[in-house]
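*Asks:* Below are the sequence and a predicted model; questions follow.
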Amino acid sequence: MIDPYSADIWSLGIVLIALITTHFPWEIAIPEVSHNFREFSKSDFSNRCMYFCEMMDSLGFVDDITEHIIISLVGMLNPNNPNRREISRVVIPGIEK
């Protein structure tokens, strides 16, 4: 059963990355269809961070808050639903809770 709060966190992560970069991280989040998503979903936390680091770097986003954003995004976009970051643990400097 899908947890609706966890699904909302996933959606928020996708919207956040799209707002920041004007790009989606992959075309569709189905491993059988998207090679990029398949590789992302099979990788560990560190490699998922590298995925977004490379994406942000290629788009010219390198600053002090990028690391915090990437860590939050990787937690929000954890393909393993029960391990997805809760909203109370999403930290983006400059945005108050």
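*Replies:* Yep, that arrived.
*Asks:* tell me which element the residue most central in space within the chain is part of?
*Replies:* Centroid check for the chain by CA atoms, centre = their mean gives residue 73 as the closest residue, at 3.2 Å. Using DSSP states H and E, the secondary-structure element containing residue 73 is helix 66-76.
*Asks:* As a check, name the ranges of all helices in the chain.
*Replies:* Remark: helices assigned in the chain by DSSP state H are 4-21, 35-42, 45-58, 66-76.
*Asks:* so what does the helix holding residue 73 touch, helix or strand wise?
*Replies:* In terms of contacts (3 or more CB pairs under 8 Å, 6 or more residues apart in numbering; DSSP states H and E), helix 66-76 is packed against helix 4-21, helix 45-58. Any C-beta I mention is one placed from the backbone N, CA and C, and that applies to glycine too.
*Asks:* highest average neighbour count across the helices of the chain?
*Replies:* Stretch with highest mean neighbour count among the helices of the chain: helix 66-76 (a mean of 19; mean count of other CB atoms under 10 Å).
*Asks:* hang on, the earlier thing: ok, the residue nearest to the centre of the chain touching residue 17?
*Replies:* Yes - the pair residue 73 and residue 17 passes the contact test of CB atoms under 8 Å, sitting 5.9 Å apart.
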